[in-house]
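> Next one to model:
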Amino acid sequence: MNIFSSDGWFSRFFGTLGDIIIVNILFILCSIPIVTMGASMSAMYFTLLKKQRTGENGGVVKLFFKGFKDNFKQSTISWLLFLLISFIFTLDFNLFGKGGPQENKLMYYTSVVLMILTCFIAIYLFPVISAFKNTLKNLLLQSIYLAAKNFIFTIVIMVLYTLPAYVLLSSTQVFMVGIFVFIVCGFGLIAYVSSFMFLKAFTPYLDEVTKKYTDDDPASWMHSDDQTSESDEDNPESTKVTKKLIVDNSYHGRQ
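Prediction:
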């Protein structure tokens, strides 16, 4: 096979790299207002998960802004809630510290554990929002379930997000180089690698709750067949995605 053909590894590699760079730049630009960072993250995962599932290159700008628009409300609410929780825990860290009385130490380490658990859930929440259509409450429950069920993936993805920050702060030279890398492709690259694990975790449920998807619709493979906007009270079926994840857990365990 000619490596320079459209199906060759050379073209696929640079096509994928180009997609990552474009998505990374779009993510940074759309995150500048800060409050839109959640929507930008969901859009980034929407694009990369779709690309990995179809294996196609190109068209990332259209996919990104479709994901940004479709998931804006839920992602923004989730992001603001995460910022609020993080702010509260930061106050706890400063208030209790590690060097105070024993009671303060207990509160400090309790806050640390709760903050880590919050990050575990947030790691899954934005990809889950991009991959499934449901109420925010059910998507949150779904994220908790997937984070616990795929705990190894959760730890690996957490390391992917936190290790670069540790490396960046190791020296001034590394910091400057690292900032350049992140501006070019850093965020997109982390999301791309994470997407392999998310897709593996999501696929059994995507196949189960989205039996009628078609690749002609860039979004259809990610969403449940229930396209109504009714509330949980008016539409009992609106919880079907989360309920399938929980009720059918034993079934998947027997596969």
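> Surely Gln142 touches Asn134?
Yes - the criterion here is C-beta atoms under 8 Å, and Gln142 meets it with Asn134 at 7.2 Å. For every residue, glycine as well, the C-beta is placed using N, CA and C.
> where in the stretch 51-200 of the chain is pLDDT low?
The stretch 51-200 of the chain contains residues with pLDDT under 70 at 55-58, 97-103.
> please redo it, this time with the cut-off set to 80
54-58, 92-105 (pLDDT under 80).
> which strands and helices sit next to whichever strand or helix holds Thr76?
Using DSSP states H and E, Thr76 sits within helix 72-96. With contacts taken as 3 or more C-beta pairs under 8 Å, 6 or more residues apart in numbering; DSSP states H and E, helix 72-96 sits against helix 37-54, helix 102-131, helix 136-149.
> Those: which one's closest to Phe198?
Among the helices and strands packed on helix 72-96, the nearest to Phe198 by C-beta to C-beta is helix 102-131 (4.7 Å).
> Single out the most deeply packed of the helices and strands packed on helix 72-96.
Ranked by mean neighbour count, these are led by helix 37-54 with a mean of 25 (mean count of other C-beta atoms under 10 Å).
> correct me, but Ile77 touches Leu136?
Yes - Ile77 is within contact range of Leu136, at 6.3 Å (criterion: C-beta under 8 Å).
> How about the secondary structure of Pro33?
With DSSP: H, G, I helix; E, B strand; the rest coil as the basis, Pro33 sits in coil.
> Numbering from 31 from now on, please.
In the new numbering, first residue 31, that becomes Pro63.
> dump the residue contacts of the closest residue to Met137 other than its chain neighbours.
Once flanking residues are discounted, Met137 sits nearest to Phe126: 4.5 Å by C-beta to C-beta, 6 or more residues apart in numbering. By C-beta atoms under 8 Å, 6 or more residues apart in numbering, the contact list for Phe126 reads 134-135, 137-138, 141.
> hmm, try it at 6 Å
134, 137-138 (C-beta atoms under 6 Å, 6 or more residues apart in numbering).
> same for the helix or strand containing Pro234, what does it pack against?
In this assignment (DSSP H and E), Pro234 forms part of helix 217-239. The helices and strands touching helix 217-239, judged by 3 or more C-beta pairs under 6 Å, 6 or more residues apart in numbering; DSSP states H and E, are helix 39-61, helix 67-84, helix 181-198, helix 270-277.
> Pull out the buried positions in it.
217-222, 224-225, 227-229, 231-232, 235-236, 239 (16 or more other C-beta atoms under 10 Å).
> Please identify which of the helices and strands packed on helix 217-239 is closest to Ser160.
helix 67-84 (3.9 Å).
> Let's have the helices and strands packed on helix 217-239 in TSV, adding distance to Ile159.
Shown next, in TSV, are the helices and strands packed on helix 217-239 (distance: least, C-beta to C-beta, whole Å):
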stretch	distance to Ile159
helix 39-61	15
helix 67-84	5
helix 181-198	16
helix 270-277	12
